[in-house]
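Visitor: 3D model of this:
(2 chains)
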Amino acid sequence: MKQTITLLLAALMLLMAVTGCTQGGAQDAGKNITVVSREDGSGTRGAFIELFGVEAKGEDGSKKDMTTKEALIVNKTDVMLTNIAGDPNAIGYVSMGSLNNTVKALSIDGAAATAANVQNGSYPIARPFIIATRDDVSELAQDFIRFILSKEGQAVVGGSYTAVDENAPAYEGVKPEGKISVAGSSSVTPIMEKLKEAYLTLNPKAAIEIQMSDSTAGMTAAMEGTCDIGMASRALKESELAQLTGTAIALDGIAVIVHPGNPVVDMTGEQVRSIFTGETTTWEGLQ
Amino acid sequence: MRERSLQENLMKAVFLISTLISILTVALICLFLFANGIPAMGKIGFYQFLLGREWSPSDLPPAFGILPMMLGSLYVTAGAILIGVPVGILTAVFLAKVCPKPLYRVLKPAVDLLAGIPSVVYGFFGLVTIVPMVRMLFGGNGSSILAASLLLGLMILPTVIGITESAIRAVPGELYDGAVALGASHERAVFRVLLPAAKSGILAAVVLGIGRAIGETMAVIMVAGNQARMPEGIFKGVRTLTANIVLEMGYAAELHREALIATGVVLFVFILLINLLFSALRKGGRP
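Guide: The predicted model follows:
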């Protein structure tokens, strides 16, 4: 008797394990759309809701984030990608620099999500990467910022993101000695690492230390003077602007992504808005 | 002789300092939490904060109500207890009273290993196996109270098993021998005599399991969906208190940040109550 029960239980567990491993198949048009969004306060989310009009603005200056309350919330780019890649009915958004082939990026109003299209303005969904400094920054920090905004610096940016100024003047730095530290947003860090490398080949006497955390920590560090340059992937808050000056160094496109099995390849901005506000809830209902 | 007593006193001081360090840490954490969190609660309004059903910190004007998250934590924890406690207690009974020695030497380290797996790994496991399984079996998008409860149920197993097992082993052997001598079968003696005798230890295990489940963060974030709205059923997503803090801390500033710290205060009070309950149970169990 005991053995029979044990065997039955074992068989049941095996069955559960097998069903657990088989992933869902192709996307089903009648199924509900799984909306995946970033957390409140995230730079990517802030830019996304503003650019797609998911944010309702009142005449009295009030703002309301209209993202549907049913949206799954994730706080990391990689979790966003795993969620979308694992759910045939999901839709979400990531920074264009983080796209990979486990998901499919949609064209918006006919323009494909590429850095070139962000550059020429046909793909309108982009946000600036910002560096912030206090007024009394060191000579080296000033020179490094001049480099970032120069032709050479913007060429580095153009590799994976979009330059803010195509016709920037060439770098004519004074190449001072010293050491500076840069801290802040993990979205900006990869491009900052490349800029640092390029700058150090021009000015080997300098030393630059980059600390990756998040936008708020970077701004706090810059205000307190524990770092020379702060990095942010969101607009600066008023309390931060009181002490810091922000400069945009690159444009980062935001790609709307779906499961690779999803037949949809192109959407209008209006369709994206209606999905993220919860007006459209099924792939069938998409007009 | 004098040298001896000098040494004694020196070591006494070392031990005293070690103790003070841990007490000081707790005191500092309390101080930090309450000093930062209480004023924020005051600014938001005590009742709006604890009983508000709307959490939209980026809106103008913002809303900071954490009732959805408090309920979320409670539901997810209750689910984890429902799943984890029966499995855990039965496993402990098996380990302590049924399991043959050679098997025990394999099983015990395996259970202990379960406690050593980092919670992020549990989270990814849940994201790629439990979430798709729930999606397939029950529809919806899978990230739900059920998925979070299942995962947390697994995660509290080592705690429940370990404490329950030692509680059962601590029961004097005469009780078991007496029951068998009176004609009870092995199972009857274990379930009717040993388990009731170990009651307070088992309750303590459950309480510690609750503490573990309510404080768990990384794994829950990945499978719970994290919607900041009132819970709507076990197949829908939910956000817990811990998730709320971790999700948004990276980008939060000003009042939003303080509101998150105030969320921490609420969580801290929860944990404090649970620990008090635990020590009360421990004391009650002593003969």
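Visitor: From here on, just use CA atoms for contacts and neighbour counts.
Guide: Will do.
Visitor: Can you report how many residues lie near residue 90?
Guide: As the question left the chain open, I've gone with chain A. 22 (other C-alpha atoms under 10 Å in any protein chain shown).
Visitor: nope, chain B
Guide: When neighbours are counted by other C-alpha under 10 Å, B:Leu90 registers 15.
Visitor: mind checking the SS state of it?
Guide: Three-state secondary structure (criterion: DSSP: H, G, I helix; E, B strand; the rest coil) places B:Leu90 in helix.
Visitor: now swap in A:Ser181 and tell me
Guide: Three-state call for A:Ser181 (three-state DSSP): strand.
Visitor: ok, and the closest non-adjacent residue to it?
Guide: A:Glu209 (4.5 Å; C-alpha to C-alpha, 6 or more residues apart in numbering or on different chains).
Visitor: What about that neighbour? Give its phi and psi, please.
Guide: As for A:Glu209, its main-chain torsions (degrees, to the nearest 10) stand at phi -110, psi 130.
Visitor: Kindly report the same for the one 4 residues further on.
Guide: Its backbone dihedrals place A:Ser213 at phi -140, psi -110, with angles given as degrees, to the nearest 10.
Visitor: What residues of stretch B:90-98 count as buried?
Guide: B:Thr91, B:Ala92, B:Val93, B:Leu95, B:Ala96, B:Lys97 (16 or more other C-alpha atoms under 10 Å in any protein chain shown).
Visitor: Tell me the one of these nearest chain A?
Guide: The shortest distance between chain A and any of the buried residues of stretch B:90-98, using C-alpha to the nearest C-alpha, involves B:Thr91 and amounts to 13.8 Å.
Visitor: Got the confidence number for that closest one?
Guide: As predicted, B:Thr91 sits at a pLDDT of 94.
Visitor: dump the residue contacts of the residue nearest to it when sequence neighbours are not counted.
Guide: When the adjacent residues along the chain are set aside, B:Thr91 lies closest to B:Ile161, with 6.5 Å between them (C-alpha to C-alpha, 6+ apart). B:Ile161 sits next to B:Gly88, B:Ile89, B:Thr91, B:Ala92, B:Ala205 when contact means C-alpha atoms under 8 Å, 6 or more residues apart in numbering or on different chains.
Visitor: close enough to count as contact, the fourth one and B:Thr159?
Guide: Looking back up the chat, that one is B:Ala92. No - here B:Ala92 does not reach B:Thr159: they are 10.5 Å apart, not a contact under C-alpha atoms under 8 Å.
Visitor: Could you check how far the residue positioned nearest the centre of chain B is from chain A?
Guide: Chain B has B:Arg212 as the residue nearest its centroid, 1.5 Å off, counting by C-alpha atoms, centre = their mean. Using C-alpha to the nearest C-alpha, to the nearest Å, one obtains 22 Å as the distance from B:Arg212 to chain A.
Visitor: Which residue ranges of chain B form helices?
Guide: Under the criterion DSSP state H, chain B carries helices at the ranges B:2-44, B:46-51, B:67-93, B:101-116, B:119-125, B:131-138, B:145-170, B:173-181, B:186-188, B:195-197, B:199-215, B:218-224, B:241-249, B:254-285.
Visitor: what helices or strands is the fifth one leaning on?
Guide: In terms of contacts (3 or more C-alpha pairs under 8 Å, 6 or more residues apart in numbering or on different chains; DSSP states H and E), helix B:119-125 is packed against helix B:145-170, helix B:218-224.
Visitor: that older thread, residues touching the residue nearest to A:Ser181, list them.
Guide: A:Glu209 is in contact with A:Lys179, A:Ile180, A:Ser181, A:Val182, counting by C-alpha under 8 Å, 6+ apart.
Visitor: let's see it at 10 Å
Guide: A:Lys179, A:Ile180, A:Ser181, A:Val182, A:Ala183, A:Glu193, A:Lys196, A:Cys227, A:Asp228 (C-alpha atoms under 10 Å, 6 or more residues apart in numbering or on different chains).
Visitor: Now name the helix or strand holding the closest residue to the second one other than its chain neighbours.
Guide: Nearest in space to A:Ile180, with sequence neighbours left out and distances taken as C-alpha to C-alpha, 6+ apart, is A:Ile208 at 5.1 Å. The secondary structure element spanning A:Ile208 is strand A:206-213 (assigned by DSSP states H and E).
Visitor: one step back: out of the contacts of A:Glu209, which is most surrounded?
Guide: Highest neighbour count within the contacts of A:Glu209: A:Ala183, with 30 neighbours (other C-alpha under 10 Å).
Visitor: Okay, that one and A:Pro204: tell me how far apart.
Guide: A:Ala183 sits at a distance of 21 Å from A:Pro204 (criterion: C-alpha to C-alpha, to the nearest Å).
Visitor: Give me the below-cutoff pLDDT ranges for chain A.
Guide: Counting by pLDDT under 70, chain A contains low-confidence residues at A:1-30, A:61, A:287.
Visitor: Please parse chain A into its domains.
Guide: A:31-126+A:254-276, A:127-252 (automatic domain parsing).
Visitor: Compare these and give me the one nearest B:Asn226.
Guide: Relative to B:Asn226, the nearest member of those by C-alpha to C-alpha is domain A:31-126+A:254-276, separated by 5.0 Å.
Visitor: just the helices and strands packed on helix B:119-125: most buried one?
Guide: Among these, the stretch with the highest mean neighbour count (mean count of other C-alpha atoms under 10 Å in any protein chain shown) is helix B:218-224, at a mean of 28.
Visitor: Mind checking if it is in reach of chain A?
Guide: Yes - Helix B:218-224 lies in contact with chain A when judged by C-alpha under 10 Å from any C-alpha of the partner chain; the contacting residues are B:Ile221, B:Met222, B:Val223, B:Ala224.
Visitor: do stretch B:100-117 as well
Guide: No - Stretch B:100-117 is not in contact with chain A by C-alpha under 10 Å from any C-alpha; minimum separation 15.7 Å.
Visitor: starting at the chain centroid, how far to that stretch?
Guide: Computed by C-alpha atoms, centre = their mean, to the nearest Å, the chain-centroid distance of stretch B:100-117 equals 21 Å.
Visitor: do the same with stretch A:227-239
Guide: When distances are taken as C-alpha atoms, centre = their mean, stretch A:227-239 is centred 16 Å away from the chain's centroid.
Visitor: Between the two ends of that stretch, how far is it?
Guide: End-to-end distance of stretch A:227-239 (C-alpha to C-alpha): 18 Å.
Visitor: quick one: buried residues of that stretch?
Guide: Neighbour-count burial for stretch A:227-239, with 16+ other C-alpha under 10 Å as criterion, is recorded at A:Cys227, A:Asp228, A:Ile229, A:Gly230, A:Met231, A:Ala232, A:Ser233, A:Arg234, A:Ala235, A:Leu236.
Visitor: Out of these, list just those in helices.
Guide: Residues from those lying in helices, with DSSP H as the criterion: none.
Visitor: Tell me where the stretch 151-287 of chain B is predicted with low confidence.
Guide: In the predicted model, the stretch 151-287 of chain B carries pLDDT under 70 at residues B:284-287.
Visitor: Residue of it nearest chain A, please.
Guide: B:Gly225 (4.4 Å).
Visitor: gap between that residue and B:Ala184?
Guide: The separation that B:Gly225 has from B:Ala184, given C-alpha to C-alpha, amounts to 49 Å.
Visitor: Between these two, which has more neighbouring residues?
Guide: For B:Gly225 and B:Ala184, the more surrounded residue by other C-alpha under 10 Å is B:Gly225, and the numbers stand at 29 against 16.
Visitor: can you pull the contacts of that one?
Guide: Residues near B:Gly225 by C-alpha under 10 Å, 6+ apart: A:36-37, A:70-74, B:131, B:141-145, B:147-148, B:236-240, B:243.
Visitor: Leaving out chain neighbours, which residue sits closest to residue 168?
Guide: Let's take chain A. A:Lys151 (4.8 Å).
Visitor: not quite, I wanted chain B
Guide: On the basis of C-alpha to C-alpha, 6+ apart, the spatially nearest residue to B:Ile168 that is not a chain neighbour turns out to be B:Ala198, at 5.5 Å.
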